[in-house]
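[1] just coords:
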């Protein structure tokens, strides 16, 4: 298992922007985040710097500015965060987590259908092993 950086909730917002559009400048990230959060530009730049220090984000100098890009793949970070969540709250066991999520939410027919398809696919793959 690789060692991925721990990304805070606020840093996650910056990463989502970078996964969507990179390389990009800090000012461009600020402008995009203005639509969803009320952070000052300095706050966003601090978050970017933290992500650089954590080696989740890299940059290349272009003239007087920096262009930032993700160093970690979104899918891998999501997988690691999911694994961490599962371990912390459900002792690493998937079934209680899924049951809790389903019991505490009204699922649409489409969501139930999608879950069944996912479980059927997982069942087929498990039988092939």
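    Nice, thanks for sending it over. Owing to the predicted nature of the structure, the values given are computational and were not obtained by experimental measurement.
[2] what's the domain layout of the protein?
    The record's domain split for the chain, according to automatic domain parsing, is 1-90, 93-129.
[3] which of these has the lowest mean pLDDT?
    For those, the bottom mean pLDDT is recorded on domain 93-129, which sits at a mean of 89.
[4] between the two ends of it, how far is it?
    One end of domain 93-129 sits 20 Å from the other (C-alpha to C-alpha, to the nearest Å).
[5] buried residues, that domain. List them.
    Using 16 or more other C-beta atoms under 10 Å as the test for burial, domain 93-129 gives residue 97. To be clear about C-beta, it is placed using only N, CA and C from the backbone, and glycine gets the same treatment.
[6] single out the most deeply packed of the domains of the chain.
    The highest mean neighbour count among the domains of the chain, using mean count of other C-beta atoms under 10 Å, belongs to domain 1-90: a mean of 15.
[7] what ranges do the helices span in the protein?
    9-20, 26-33, 41-53, 74-90, 94-103, 109-128 (DSSP state H).
[8] need the contact list for residue 28.
    Residue 28 makes contact with residue 21, according to C-beta atoms under 8 Å, 6 or more residues apart in numbering.
[9] so how far is residue 34 from it?
    Residue 28 sits 11 Å away from residue 34 when distances are taken as C-beta to C-beta, to the nearest Å.
[10] same check on residue 116?
    40 Å.
[11] ditto for residue 128
    Distance, residue 128 to residue 34, using C-beta to C-beta: 49 Å.
[12] also residue 18?
    Residue 18 is 16 Å from residue 34, by C-beta to C-beta.
[13] next: residue 91.
    Going from residue 91 to residue 34 by C-beta to C-beta gives 41 Å.
[14] just residue 97 next, same as before
    Counting by C-beta to C-beta - residue 97 and residue 34 are separated by 35 Å.
[15] same thing with residue 47?
    Relative to residue 34, and taking C-beta to C-beta, residue 47 is found at 14 Å.
[16] ok, now residue 77?
    24 Å.
[17] coming back round to it: which one of the helices of the chain lies nearest to residue 66?
    Closest of the helices of the chain to residue 66 is helix 26-33, at 6.8 Å (criterion: C-beta to C-beta).
[18] what's the angle from the closest one to helix 9-20?
    On the basis of axes from the mean of the first three to the mean of the last three C-alpha atoms, to 10 degrees, helix 26-33 is oriented at 110 degrees to helix 9-20.
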